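>>> Just to be clear, the model below is a prediction. Sequence and coordinates:
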Amino acid sequence: MIHPVARVVLASFLAAAPAFAADAPAPPPKSEAKTETPDARLALLPADSVTHHSITVRGTKLAYTATAGTMKMRDEKGEPTASIFYVAYTLDGAPRGSRPVSFFFNGGPGAGSAYLQLGAAGPKVLNFPAQETDGAHATLVDNESTWLPFTDMVFIDPVGTGYSLAAKPDDAPKLFWGVHQDAETLAKTIALWLTRNGRTASPKFVVGESYGGIRSVKVARALEHSQSVILNGIVMVSPLLEEQYFFSDDPLTYAFTLPTLAAAALERDHKFSAEAVDAAYAYALGPYLTTIAGRPPEGDAATDFYQHVATITGLPDWVVRKERGLLHPDAHDVRSQKGRLYSLYEMSLSIADPSPEGVDGEESPDPLLEGYGHAYGGAFAGYAADTLGFKTELTYRLLDEEVNRKWDWREGGHHVLSTSSDLKKLLALNPSLRVLIAHGYFDTVCPFSATRWLVTHLPVGQDRVTLKVYPGGHMLYTRPTSRAALASDVGQMVSSAAAPPAP
């Protein structure tokens, strides 16, 4: 699952002892122990590489400059603590003051930015063959849906992902792997890039996927508080926004999942429509929620309830009855149907189930996360070296399990994460802020229904928050039509948010 990190230990050698006067006491012998200085580890990363390219988008040729490089983080003493890897794409000849610039990061925590860069917005995109799960035959081509026509882009790998390194590996969890530390580090990275590149006057946006939803809101707050940088907009792709509705037995969690299961069933039967999914949403937040939140039904009422849920979700009646109508997407009986194992990240996509009889002692693999999705890591490593000129002996860490395992989820002493409070404050304090949230209909990891419900309960700025739902899963951009629709919607939002207000 994880791309291993090549660990290279650099030894430092002691210089010869200087000569001493005849009557001076001899000093004690120096230790021969090997040491590794912070600068030695960061020196494994090459110098920044600047290359020039062009792409034709809808008949218009765009010349752009790509910079693949690193930005060094330092502590209050000036000592290096990390090197942050980034790739920036800037349109040649565009005025710096008015040209929007967007900063991207993925989620995990522990994921590098190759997903959004080669999947959605960058000038190159990884295309998969008709058999979607075939990562071995994915090809890198020009992205006709790149966001370059309407924004410059900076893709950032948080420490521990991609090519970003902590100066001292043992310090990484304390300094970088936590909700607060992560947001402050990324905010500082963005602020430094803006000043070093003369872009402080540019309209500014952040884009986050999955945990990047939480990250984008936390970074926006950190930019305001710590760096005095105010954003024009936030884009979230398949975001995790409220942890309590994703990893709990709260009745709302089951209600938010039901419309996604219904949408996937419709897609598998070639009957998908937004109207049918809306009807499933209304049922889920109405009769279904009322039923599961109350005393479990009995007799004919139970039979009718389970049959109705089975009809909506496409699951066998016995599965729904076994689960008592509380459908965990990761339950094998829910994911595995007729010898096919469906992805939690895209419930309409499946592979042959390696354990059709059930699982014993381990979870079933996910076709996307543990399968063809890894193609993004290998593709980016080759692209960075061959096209961007960033050559290193380090391996690209698309997903780092250690980062995820050691992540500090606490905030203000509380483990449960919430972005609602921060988002409300951002919308209230910044009347120009625009937010676009994109979801895939078939994503059970971060279901669209939870965000739809949250947006309708915002007390301020609802008119500046747009929710878009597209056919697809967590990585909705793997579908070319959804990728194009996302680019169009983001382009409209960026243009609107970047425009100065009417007098």
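Perfect, thanks for sending it.
>>> would you list every one of the strands in the stretch 401-503 of the chain?
434-440, 465-470 (DSSP state E, counting those that start in this stretch).
>>> As CSV, these with distance to Y342 would be great.
Where you see a C-beta, it was placed from the backbone N, CA and C, and this is true even at glycine. Shown next, in CSV, are these (distance: least, CB to CB, whole Å):
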stretch, distance to Y342
strand 434-440, 14
strand 465-470, 19
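>>> tell me the most buried of these?
Across those, averaging neighbours per residue (mean count of other CB atoms under 10 Å) puts strand 434-440 on top, at a mean of 25.
>>> quick one, it and strand 465-470 angle?
Between strand 434-440 and strand 465-470, the angle comes out at 20 degrees (axes from the mean of the first three to the mean of the last three CA atoms, to 10 degrees).
>>> okay, now P365: neighbour count?
17 (other CB atoms under 10 Å).
>>> That one: what secondary structure?
Of the three states, P365 takes coil according to DSSP: H, G, I helix; E, B strand; the rest coil.
>>> Go ahead and confirm it touches S355.
No - between P365 and S355 there is no contact under CB atoms under 8 Å: 9.2 Å.
>>> Would you mind giving the strands of the stretch 401-503 of the chain as JSON lines with mean pLDDT and distance to E242 added?
Listed next are these as JSON lines, based on pLDDT from 0 to 100; distance: least, CB to CB, whole Å:
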{"stretch": "strand 434-440", "mean pLDDT": "97", "distance to E242": "13"}
{"stretch": "strand 465-470", "mean pLDDT": "97", "distance to E242": "14"}
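>>> which stretches of the stretch 351-500 of the chain form helices?
375-386, 401-405, 420-429, 448-456, 480-498 (DSSP state H, counting those that start in this stretch).
>>> same for the first one, what does it pack against?
Spelled out, that is helix 375-386. Identification of packing neighbours for helix 375-386 by 3 or more CB pairs under 8 Å, 6 or more residues apart in numbering; DSSP states H and E yields helix 114-116, strand 124-127, strand 139-142.
>>> between the ones you listed, which gets nearest to Y89?
strand 124-127 (10.0 Å; CB to CB).
>>> Just the residues contacting that closest one, thanks.
Residues from elsewhere that reach strand 124-127, judged by CB atoms under 8 Å, 6 or more residues apart in numbering: 118-119, 138-143, 145-146, 375-376, 379, 383, 387, 480, 483.
>>> List only buried entries from these.
Among these, those scoring as buried are 118-119, 138, 140, 143, 145-146, 375-376, 379, 383, 387, 483 (criterion: 16 or more other CB atoms under 10 Å).
>>> Taking those, tell me the two that lie furthest apart.
Among the buried ones among the contacts of strand 124-127, T387 and R483 lie farthest apart (CB to CB), at 20.2 Å.
>>> Can you show me the strands along the stretch 201-350 of the chain?
204-209, 233-237, 336-337, 340-342, 350-352.
>>> what does the average pLDDT come to for the first one?
By that I understand strand 204-209. Mean per-residue pLDDT for strand 204-209: 97.
>>> Kindly provide the distance from R196 to A88.
Noted for R196: a distance of 11 Å to A88, by CB to CB, to the nearest Å.
>>> again with T456
37 Å.
>>> what do you get for M236?
Counting by CB to CB - M236 and A88 are separated by 21 Å.
>>> Which of the two has more residues huddled nearby?
Between M236 and A88, M236 has the larger neighbour count (other CB under 10 Å), namely 28 against 22.
>>> just to revisit the earlier point, what's the closest of the helices of the stretch 351-500 of the chain to S164?
S164 lies closest, by CB to CB, to one member of the helices of the stretch 351-500 of the chain: helix 401-405, at 10.4 Å.
>>> which residues in the stretch 151-300 of the chain form helices?
172-175, 179-196, 211-227, 251-268, 274-283, 289-293, 299-313.
>>> Out of those helices, the one nearest F448 is which?
helix 251-268 (7.0 Å).
>>> quick check: angle from the closest one to strand 434-440?
Using the same axes, to 10 degrees, helix 251-268 lies at 60 degrees relative to strand 434-440.
>>> Just the buried residues of stretch 89-101, please?
Within stretch 89-101, judged by 16+ other CB under 10 Å, the buried ones are Y89, T90, L91, R99, P100, V101.
>>> Run through the residues that contact the second one.
Spelled out, that is T90. Per CB under 8 Å, 6+ apart, neighbours of T90: Y64, T65, T67, R99, V101, D152.
>>> Paired strands for whichever strand or helix holds it, with orientation please.
Per DSSP states H and E, T90 falls inside strand 80-91. Neighbouring strands of strand 80-91 in its sheet, by DSSP bridges, are strand 60-74 (antiparallel), strand 152-156 (antiparallel), strand 165-166 (antiparallel).
>>> check contacts around D353.
S336, G339, R340, L341, S364.
>>> Could you check how far the fourth one is from S355?
If you measure L341 against S355 using CB to CB, the figure is 8 Å.
>>> So which of these two has more stuff around it?
L341 (21 against 14).
>>> And for that one, nearest residue in space, chain neighbours not counted?
D353 (3.9 Å; CB to CB, 6 or more residues apart in numbering).
>>> likewise R483?
Counting by CB to CB, 6+ apart, Y477 is the residue found nearest to R483 once chain neighbours are left out, at 4.2 Å.
>>> Repeat that for T133.
Closest residue to T133 apart from its sequence neighbours, by CB to CB, 6+ apart: Y372 at 4.7 Å.
>>> shouldn't that neighbour be in contact with P129?
No - if you go by CB under 8 Å, Y372 and P129 don't touch, sitting 9.9 Å apart.
>>> what's the overlap in contacts for these two?
A138.
>>> Compare the two (neighbour count), which wins?
Between Y372 and P129, Y372 has the larger neighbour count (other CB under 10 Å), namely 24 against 13.
>>> ok so, going back, let's have the buried residues of stretch 89-101 in a markdown table, adding distance to D278 and pLDDT.
Formatted as a markdown table, the buried residues of stretch 89-101 follow (distance: CB to CB, whole Å; pLDDT from 0 to 100):
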| residue | distance to D278 | pLDDT |
| --- | --- | --- |
| Y89 | 37 | 98 |
| T90 | 41 | 98 |
| L91 | 39 | 98 |
| R99 | 38 | 96 |
| P100 | 33 | 97 |
| V101 | 36 | 98 |
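>>> out of the residues you listed, who's nearest D489?
Among the buried residues of stretch 89-101, P100 lies closest to D489 (CB to CB), at 15.0 Å.
>>> Out of the contacts of D353, which is nearest to R295?
S336 (30.5 Å).
>>> Since that was my last question, I'll sign off now.
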